[in-house]
Structures are given as C-alpha cells and as structure tokens.
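Student: Quick check, what structure comes out for this input:
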Amino acid sequence: MISLEDFFDRIQYQIKNKLPYTIYKKADENVLHSILQNDNKLYRVKNYSESGFIFSLFDNERINPIIIPLSNAKPFSTFFIPSEAYDKSAMIINEPFHFPLRKVDYMELLNKALNEIKTGDMQKVVVSRTEKVDLKEDSIITIFKKLANTYTGAFVYLWYHPKVGTWMGATPETLFKINDSEFNTMALAGTQPFQGSMEVEWGEKEIMEQQLVVDDIVNKLNSEEFNLQISSRYTVRAGNILHLRTDIKGTLPDSNLNIGELVNSLHPTPAVCGLPAEEAKKFILKNEGYNRKYYTGYLGELNIPDFKIKNEDDLLLDEIENEELDESTNKKSDLYVNLRCMEIVGHKAVLYVGGGITKDSDAEKEWEETVNKTKVMKKVLF
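Tutor: Numbers count the residues shown, from 1 in each chain. Predicted coordinates for the structure are as follows:
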C-alpha cells in the first residue's frame with residue numbers, strides 16, 4: 001500500500017517525463033487507482049482481450065480505442081478520503097456571460113434537429129457544443145483532487161497521453177460492467193436541475209426520452225439467453241443535475257463472448273447519439289460543426305484482474321506484478337460513457353456538453369440545460 005503523497009509523486013514523474021497515465025476513482029469508493037505507462041507509445045485495442053485502461057472516440061468506426069496496457073505499465077492504488085464532508089455539488093456559482101453568437105449558433109442547430117425529427121425518420125438526436133474556459137489553476141493534479149472531492153458519486157478520471165492530450169471528467173453513466181459472466185448496464189436520460197430535493201415531477205418529454213433509451217438497449221440485448229432483469233425507473237443525481245435511470249442486468253450466454261461485440265451493440269447509446277442510431281449519428285457528424293473527439297466515447301477498465309480491497313493491509317493493484325495470474329483469475333471490465341468532461345488545451349479547458357432532442361423539445365430550454373451541465377466542470381475551475 002503506497003501513501004497518497006507517494007501516489008501523486010509518481011503521477012508527477014509521469015507528467016515531468018511526458019509519459020501516459022490515468023488516475024480514476026469509481027463512484028462511492030474511497031480508493032484512487034492509477035495505471036502508469038512505461039513508454040510514450042500509442043497502443044490500441046486489437047480484439048478486446050487485452051488488459052488495461054481504454055479510451056475511445058465517439059466516432060470509433062475507423063479507429064480502435066487507445067489502451068494503456070497492463071503489460072507495459074505499472075498500476076498503483078491508494079486510499080482517498082474526501083477532505084470535506086459537505087456536498088460541494090450544491091454550491092451556486094456565478095455564471096460567466098455567454099457570448100450571443102454561441103447561443104445563436106446552438107439554437108440554430110437545435111431547430112435544425114427539431115425539424116429533422118418532425119420531417120424525417122429520427123425519433124431522437126443528441127446535439128452538443130463546446131465552451132472554452134480560462135484555467136485559474138495551473139496544477140492539473142489540484143483540479144483533479146477538487147473533482148474527486150466534489151463528485152464522489154461519479155466515475156472521476158484524469159487521462160493523459162503526449163500524442164493525444166489531457167482529458168478529465170466526472171461521468172454518471174455506465175456503458176456496462178462485466179464480472180465473470182454477469183453484466184450490468186443502465187439507461188440514463190432526461191434532465192432537470194437539482195433544486196434541493198430528489199422528489200420531483202418529470203414531464204412527458206423526459207419520460208419518453210428515457211424510455212426510448214430503455215427500449216433500445218433491451219431490443220439490442222433481447223434474448224432469453226441473456227436473462228435480462230430490468231428495474232423500475234428512478235431519479236438519480238449527478239452534481240447539480242437530476243436524471244431518470246433504469247438498471248438492466250443479465251448473464252452472458254458465453255463467458256468467452258468478445259467484449260468488442262457488446263461494445264459495438266451498445267455504443268453509441270441513444271443517450272449520447274439518438275434513435276435510430278445510424279441516422280442520428282449521420283446528423284451529428286454533418287451538422288454539429290466540430291469534432292467531439294473523446295466526448296461521448298467510452299473509457300475505463302478492460303479485463304482488469306479482480307483483487308478485493310477491504311483495508312490497508314489487503315492486496316492492491318500495485319502488487320499485481322508480484323502475482324502469478326492464470327486463465328482462472330477473474331477479471332472485470334468497467335466501461336463508462338465519457339460525459340461531463342473537459343479537454344485541457346494549454347491554459348484553457350474545453351468543456352463538452354449536449355442534450356437529447358425529441359419532437360417535444362423546446363429549443364430555449366435545451367440551451368438552458370446545456371448551461372446547467374457546464375456547471376459540473378466549472379465548479380472545480382472557478
């Protein structure tokens with residue numbers, strides 16, 4: 001078990017030497033994980049049998065995800081206790097002035113999406129935008145610590161590769177989790193601001209939008225072999241935002257199922273692309289007017305050996321290299337949708353934000369929704 005100070009000293013070594021690394025913390029856990037690559041080579045997933053941390057583009061049809069492979073990296077873990085007991089996510093921040101042109105452009109995109117839905121075959125499309133913010137804090141590690149302290153209920157990460165750049169985020173959405181032959185996924189959609197209570201009313205537009213996501217996932221995985229179990233719809237909180245969520249779990253019919261097949265079935269989800277997926281994706285790539293890059297892609301652990309962490313004396317990931325792993329070692333895959341994220345470019349943070357559009361959407365409200373969503377990242381920047 002390494003100390004928190006030693007943990008971040010090793011990260012600083014990676015930063016100084018421009019070597020790839022990732023730091024991450026899972027929702028409601030008090031453990032920080034890191035995987036530190038030994039060289040600066042850009043590795044890519046070949047067949048999803050590899051072990052490591054993967055990072056995928058939204059539009060991944062022509063290029064496979066990047067991986068920081070355990071075969072050429074050192075994993076470390078340490079305990080991380082949030083330093084402040086109160087919930088920072090409820091804080092009110094002063095919203096900077098939005099340049100009129102930014103809103104005008106996005107409203108034009110929203111209205112174009114609404115028109116396409118009303119006249120074409122799309123039921124839903126997720127359109128997005130970026131917003132640049134000046135960094136007041138030079139230390140990327142300090143920003144990450146603020147993120148981990150603030151959003152304890154999200155998957156929080158910091159990822160860097162010298163040939164790609166630096167990304168950071170706190171995402172509430174799981175693509176899927178696999179443990180042995182069991183898998184879990186979720187349908188997350190619908191948005192309204194958190195105003196002090198989880199007991200809220202949801203409109204028909206938000207309920208329909210979320211049900212579209214549920215139906216799409218179930219249709220893609222609909223087989224008696226999967227033994228699907230579907231929860232009731234319920235409200236969850238992600239910082240200053242509320243969403244509707246349904247949990248879906250099942251059993252893989254073949255323990256040797258190629259994870260890539262499951263990825264291709266679920267990505268991109270209706271929550272980040274739309275329905276039908278092919279038409280929605282075409283609309284996005286043609287009309288958004290910028291490259292999403294890794295926003296609304298997926299990231300996380302791929303085939304990581306399952307070591308239980310119960311207390312400071314237990315085996316941690318930093319001891320993997322001393323363990324003899326064989327084919328019987330249970331491995332887990334935890335993949336997340338890259339939402340509520342930002343890209344660090346020089347002394348600026350590029351925030352990525354979007355929302356789902358259906359026939360009942362109101363363009364002005366959709367704009368305000370993106371404004372609320374940017375506050376997730378702005379809370380750790382201002």
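
Student: Was I right to think Ser77 contacts Ser34?
Tutor: Yes. With the criterion set as CB atoms under 8 Å, Ser77 and Ser34 qualify as a contacting pair; they are 7.3 Å apart. Any C-beta I mention is one placed from the backbone N, CA and C, and that applies to glycine too.

Student: Enumerate every residue touching the closest residue to Ala73 other than its chain neighbours.
Tutor: When the adjacent residues along the chain are set aside, Ala73 lies closest to Gln37, with 4.5 Å between them (CB to CB, 6 or more residues apart in numbering). For Gln37, the residues meeting the contact criterion (CB atoms under 8 Å, 6 or more residues apart in numbering) are Gln14, Leu19, Pro20, Tyr21, Ile68, Pro69, Asn72, Ala73.

Student: And the pLDDT for the last one?
Tutor: I take that to be Ala73. Looking at Ala73, its pLDDT is 97.

Student: Between Ser77 and Ser34, point out the one with more neighbours.
Tutor: In this view Ser77 and Ser34 are compared by other CB atoms under 10 Å, and Ser34 has more residues nearby, 25 against 22.

Student: okay, and for the stretch 101-250 of the chain, where does confidence drop off?
Tutor: Applying pLDDT under 70 to the stretch 101-250 of the chain flags the ranges 101, 223-224.

Student: which stretches of it form strands?
Tutor: For the stretch 101-250 of the chain, strands defined by DSSP state E, counting those that start in this stretch occupy the ranges 124-134, 155-161, 165-171, 174-179, 182-193, 229-230, 234-238, 241-251.

Student: coming back round to it: overlap in contacts, Ser77 and Ser34.
Tutor: Taking CB under 8 Å, 6+ apart as the contact definition, Ser77 and Ser34 share the neighbouring residues Phe7.

Student: and the contacts of Gln37, which are buried?
Tutor: Among the contacts of Gln37, those classed as buried by neighbour count (16 or more other CB atoms under 10 Å) are Gln14, Leu19, Pro20, Tyr21, Ile68, Pro69, Ala73.

Student: How about the secondary structure of the second one?
Tutor: When the structure is reduced to helix, strand and coil (DSSP: H, G, I helix; E, B strand; the rest coil), Leu19 reads as coil.

Student: from memory it sits against Asn38, does it?
Tutor: Yes. In this structure, Leu19 sits in contact with Asn38. The criterion is CB under 8 Å, and the distance is 7.4 Å.
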